[in-house]
Each structure stands twice: as structure tokens, then as C-alpha cells.
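> quick one, structure for this:
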Amino acid sequence: MLSPEETLNLIKLAQNDDNEAKTALLQNNIPLIKSIVRRYQNKQIEYDDLMQLGTLGFIKAVNNFDTEFGVKFSTYAVPMIAGEIKRYIRDNGAIKVSRSIKAQNQTINAYIEEYRQKKSKEPSIKEIADYMKIDETDVVFILDSARYPVSLYAEKDDDGLSLEDKLSAKGTQDDYIEKLVLREIIDSFDERDKKIIFMRYYRDKTQSEIAKELGVSQVQISRLEAKILERIRKELV
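Numbering: from 1, shown residues only. Got it, this is the predicted structure:
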């Protein structure tokens with residue numbers, strides 16, 4: 001495996017169209033891509049197709065990674081890889097999150113809440129990983145994957161539309177709000193929550209990308225998104 005310093009050097013070269021650097025990064029991160037792909041394997045999608053999607057997500061992560069951002073590349077790459085796979089699965093069938101991931105997500109959220117009450121700030125990904133005794137990339141994956149998937153993909157209203165269906169229009173941000181059945185609910189949100197919904201579901205941005213743009217942690221975005229989706233779900237009931 002490459003050291004963090006070697007990885008950053010190769011990313012800088014790759015972002016300047018150095019194909020050898022791109023190849024080296026890909027070859028050394030195949031285990032990471034495979035670890036994410038395995039979590040999404042099912043009978044409907046071939047493993048090779050998932051690997052291609054994971055590789056595409058990895059390449060996007062290399063191209064978009066900010067070497068000055070101060071986070072591990074693998075932590076940034078995980079939601080990018082998973083996001084590419086989830087977008088494909090979303091178009092071809094519902095995403096199913098395992099019970100173990102849901103349980104781990106609940107444990108993480110309980111820890112974050114306790115940490116925030118004691119220290120008045122959010123724990124870092126590393127602190128969560130140390131508490132859970134798992135890798136940092138697993139923390140990112142769990143927070144990104146166990147994000148009220150049932151309310152997004154499975155539950156349908158009387159009109160036969162899931163929340164994901166209702167959050168899939170095309171156009172400007174104002175056009176979305178004007179056309180969506182959820183207009184009144186979304187209009188009641190503050191500007192920050194509107195922006196999170198817009199970037200996450202209309203621009204397919206990862207939680208890490210949104211966190212960077214808003215100047216907060218990925219953990220904070222995960223918690224905010226979960227609260228927003230739960231609020232929408234309750235309003236639709």
C-alpha cells in the first residue's frame with residue numbers, strides 16, 4: 001500500500017494528466033474499490049459492472065480531490081466510489097442496506113449525540129472510528145449508506161411515488177421547488193437545509209463535497225441530512 005505522502009504526490013501528478021500516476025493509484029487502491037463493491041453485490045448486477053462503476057468513482061475522486069483539504073484520500077474516495085455505484089443501482093432497483101450497517105449507524109449516531117452534548121462539537125471521523133474499533137473508511141461508508149434508505153427508495157405515497165421520485169426533477173433550483181409536490185415542505189426549510197437537499201439530490205454531490213462547500217465536517221452533513229429526510233418523511237405521512 002502507498003503511504004499518505006506517496007498517495008498525495010501521485011494525485012498531484014495524476015491531476016496533471018500523468019497516466020503512469022493514475023495507473024499506480026488505481027492498482028494500489030483496487031482493494032479499497034473491491035471492499036466497497038462487495039457491499040453492493042446482488043444477483044441483478046454483475047460484479048464486473050460494479051467494479052467498472054467503482055473504478056469510475058475512484059477516478060472522479062482522484063480528479064476532484066483537494067490535496068490541501070487536510071483529509072485522507074481514502075476517506076474522501078469512499079463516498080465517491082459508493083455514490084457512483086448507488087446512482088446506477090438507484091436507476092435499476094432499490095438499494096438495500098443490511099441490518100448490521102443500520103445497527104452500526106444507530107450506534108454511531110448515539111455516540112455523536114453524546115459527544116456533542118459533552119463537548120459542544122462534532123467528533124471527527126477518526127474519533128468515531130476509534131470508538132467503533134473500525135476503519136475510518138468504514139465509518140464514512142456507514143454514514144453515507146445508512147441514510148434513511150427506506151424513506152427514499154421504498155416507501156411510496158398514494159400517488160405511487162417514492163420520495164426519491166419526487167426529488168428527481170430537472171432544471172434550476174427555483175424550478176425544482178415550484179414543480180415539486182414537496183414545495184411547501186421545502187419552502188419551510190432554512191437556506192442551509194435547502195442547499196443540502198439541492199446539492200445532494202439534484203446535483204448528486206457526496207456528503208464530503210457538500211461539507212467542503214459549507215465549511216463543516218462530513219459527520220455534520222450526515223446528521224443534518226438524516227434530520228432533513230426524517231422531517232420530510234414525517235410531513236408526508
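
> is it true that Phe189 lies in a helix?
No. Phe189 sits outside any helix when classified using DSSP: H, G, I helix; E, B strand; the rest coil, being coil.

> and the nearest residue to Tyr111 once chain neighbours are set aside, how many neighbours?
Among residues not flanking Tyr111 along the chain, Tyr131 sits closest, at 5.5 Å (CB to CB, 6 or more residues apart in numbering). For every residue, glycine as well, the C-beta is placed using N, CA and C. Residue neighbour count, defined by other CB atoms under 10 Å, stands at 16 for Tyr131.

> check which helix or strand Tyr131 maps to.
Assigned by DSSP states H and E, Tyr131 belongs to helix 125-132.

> show residues contacting that helix.
For helix 125-132, contacts defined as CB atoms under 8 Å, 6 or more residues apart in numbering pick out 71, 75, 104, 107-108, 111-112, 115, 123, 135-136, 138-140, 217-219.

> and that helix, average pLDDT?
Here helix 125-132 scores 89 as its mean pLDDT.

> the bottom helix or strand of the protein by mean pLDDT?
helix 149 (a mean of 38; mean pLDDT, DSSP states H and E).

> touching, Ala211 and Gln218? I think so.
Yes. Between Ala211 and Gln218 there is a contact at 4.5 Å, judged by CB atoms under 8 Å.

> residue ranges with poor pLDDT in the chain?
For the chain, the stretches flagged by pLDDT under 70 are 42-44, 69, 91-98, 144-184, 187, 201-204, 233-237.

> circling back: more crowded one of Ala211 and Gln218?
Between Ala211 and Gln218, counting by other CB under 10 Å, Gln218 is the more crowded of the two (25 against 21).
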